[in-house]
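>>> Have a look at this fold, sequence not included:
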């Protein structure tokens, strides 16, 4: 078998998406399968320096900022994020650029004999996510990257990316919240244990200080692995946060590094937190690997940062639209807090779809006080790692009724809502899968 085109490559990968509840998160079986897959590829992940990022909220932005900053400091970086927004190659970037379609196909073909071989082995063929993470490590090694920044998929301990045992790995742990509770656990402590599962012996660990229960889990995991842990704390390491529709401004302090009035292109107080984690990782890395932490360069990098689908404000002739892939109550809370700061005293129209099993009741409690009207919609994406199905809009409508909010409308044609002329700001949120479906339309309208 040989894949001849990028379209064929995507088709092949989509065929590897697990079907049914048991296949979606294979747990220990999936982790063992990933380990075997990487072993058959001669463990490329152990031959490169990795920054491994886990958490409930903020890991994508933290990964992006870490990669962007290291790239602009002159290093060759690899970046893999999950899920992707517009192009599957977002999962395999070199210096924050998508690899070419030709390179994607060429390297996937090189992995095919191993994938075929695994069909006859006890664990079976690797899944969509396992193949993509293996492909990312393989390409990063082939490209001789200086640093690979790796965002976990789901969880940490049993995630398909948790195959790096190199003691030089750096671990970054972002904000923890209740999400994917059916597989990661129903308490913050249980979820934190899963996320902290990426800590390996002698790793350097940077974590955001948060709930004392979570901090304790992180401390225990670091101590058990003899890993050096640094907590980053709000109002100590980062403070004086101010946001506008153009930027987030804050002060950052760590050790002897002080950067006042950082102008960050990503919007929201939560992005000051994510950026501080990225900066802390790079400062500690610069000390370990003996390179200059160039503040002037870093300032410019952060000012020019842009991560699509994360609290992004688009202005059209007919209205202003805010898009944010907030998909759990914690992220919705960050979004609504930012909206209040950016647009005080305003009410918004919301266009929303959630993935099944999300706690949309809690999300609506945060959204309703800011809502002029809520449009409930749907999506189906078969070309992402979990073959995601959207929540039934009727179920969401029943929840809104129970919350005594009746200014809603079910709309299975979201493009009509987007094109509707209104003085109200439209906020599109609830899932990155929804953003991924609508983003091409939004960019097309903006060009017209």
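In hand now; what should we look at? The model shown is predicted, which means the values in this text are computed figures rather than measured ones.

>>> which residues of the protein score low on pLDDT?
20-25, 380-388, 446-448 (pLDDT under 70).

>>> Let's verify the residue nearest the centre of it: helix, strand, or coil?
Against the mean C-alpha coordinate of the chain, by CA atoms, centre = their mean, the closest residue is residue 60 at 2.9 Å. Of the three states, residue 60 takes helix under DSSP: H, G, I helix; E, B strand; the rest coil.

>>> Secondary structure of residue 79: a helix, I assume?
No. Per three-state DSSP, residue 79 lies outside any helix segment and is strand.

>>> Could you count how many residues lie near it?
Look at residue 79: counted by other CB atoms under 10 Å, it has 28 neighbours. C-beta coordinates here come from the backbone N, C-alpha and C atoms, glycine included.

>>> where does it sit relative to residue 243, distance-wise?
From residue 79 across to residue 243, the span is 25 Å (CB to CB, to the nearest Å).

>>> before we move on, the earlier item: in contact with the residue nearest to the centre of the chain, which residues?
81, 151, 307, 310 (CB atoms under 8 Å, 6 or more residues apart in numbering).

>>> Please name the nearest non-neighbouring residue to the third one.
The shortest distance from residue 307 to any residue that is not its chain neighbour, by CB to CB, 6 or more residues apart in numbering, is 4.9 Å, and that residue is residue 64.

>>> Enumerate every residue touching the one you found.
Residues counted as contacts of residue 64 (CB under 8 Å, 6+ apart) are 79, 81, 96, 305, 307.

>>> Now that the fourth one has come up, it's in contact with residue 66, right?
This means residue 305. No. Taking CB atoms under 8 Å as the definition, residue 305 is not a contact partner of residue 66, at 11.0 Å.

>>> okay, those two: which has more neighbours?
It is residue 66, of residue 305 and residue 66, that has more neighbours when counted by other CB under 10 Å, with 28 against 23.

>>> Tell me the buried residues in stretch 95-113?
95-96, 98-99, 103-105, 107-108, 111 (16 or more other CB atoms under 10 Å).

>>> With distance to residue 300 as extra columns, can I get those in a markdown table?
Shown next, in a markdown table, are the buried residues of stretch 95-113 (distance: CB to CB, whole Å):
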| residue | distance to residue 300 |
| --- | --- |
| 95 | 16 |
| 96 | 15 |
| 98 | 23 |
| 99 | 25 |
| 103 | 29 |
| 104 | 31 |
| 105 | 35 |
| 107 | 33 |
| 108 | 36 |
| 111 | 38 |
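
>>> Give the bridge partners for residue 350, please.
Beta-bridge partners of residue 350, counted by DSSP bridges, are residue 374, residue 427.

>>> Now residue 295: closest residue in space, sequence neighbours ignored.
Per CB to CB, 6+ apart, closest to residue 295 is residue 259, 5.8 Å.

>>> count of residues packed around the one you found?
Using other CB under 10 Å, residue 259 has 19 neighbouring residues.

>>> Then residue 126?
Per other CB under 10 Å, the neighbour tally for residue 126 reads 26.

>>> residues in contact with residue 157?
193-198.

>>> Recalculate using a threshold of 7 Å.
Shown in contact with residue 157 (CB atoms under 7 Å, 6 or more residues apart in numbering): 194, 197.

>>> Please apply the same query to the one 3 residues further on.
When the contact criterion is CB under 7 Å, 6+ apart, the partners of residue 160 are 30-31, 34, 129-130, 133, 153.

>>> any idea how far it is from residue 26?
9 Å.

>>> now do residue 60
Distance from residue 60 to residue 26, by CB to CB: 23 Å.

>>> circling back: between the contacts of residue 64, which is closest to residue 415?
residue 307 (23.9 Å; CB to CB).

>>> next one: phi and psi at that closest one?
phi -120, psi 100 (degrees, to the nearest 10).

>>> Isn't it up against residue 63?
No. Using CB atoms under 7 Å, residue 307 is not in contact with residue 63, being 9.5 Å away.

>>> Can you pull the domain assignment for this structure?
The record's domain parsing of the chain by automatic domain parsing lists 6-303, 312-447.

>>> does residue 225 really touch residue 197, like I thought?
No. Using CB under 7 Å, residue 225 makes no contact with residue 197, being 10.3 Å away.

>>> Give me the contact list for stretch 302-320.
61, 64-65, 68, 85, 245, 262-268, 275, 321-325, 335, 338, 419, 421-422, 425-426, 432, 435, 439, 442, 445-446.

>>> Among residue 307 and residue 63, which residue is more densely surrounded?
Counted by other CB under 10 Å, residue 307 and residue 63 do not tie: residue 63 has more neighbours, with 27 against 20.

>>> so that one is in which element?
helix 59-72 (DSSP states H and E).

>>> What backbone torsions are found at the nearest residue to residue 87 once chain neighbours are set aside?
Distances taken as CB to CB, 6+ apart put residue 98 closest to residue 87, at 6.1 Å, once the chain neighbours are dropped. Main-chain dihedrals, residue 98, degrees, to the nearest 10: phi -60, psi 140.

>>> Next: residue 269.
Torsion angles, degrees, to the nearest 10, at residue 269: phi -60, psi -30.

>>> Repeat that for residue 253.
Per degrees, to the nearest 10, the backbone of residue 253 is at phi -140, psi 130.

>>> sorry, back to before: among the contacts of residue 60, which one has the most neighbours?
The contacts of residue 60, ranked by neighbours (other CB under 10 Å): first place residue 151, 28 neighbours.
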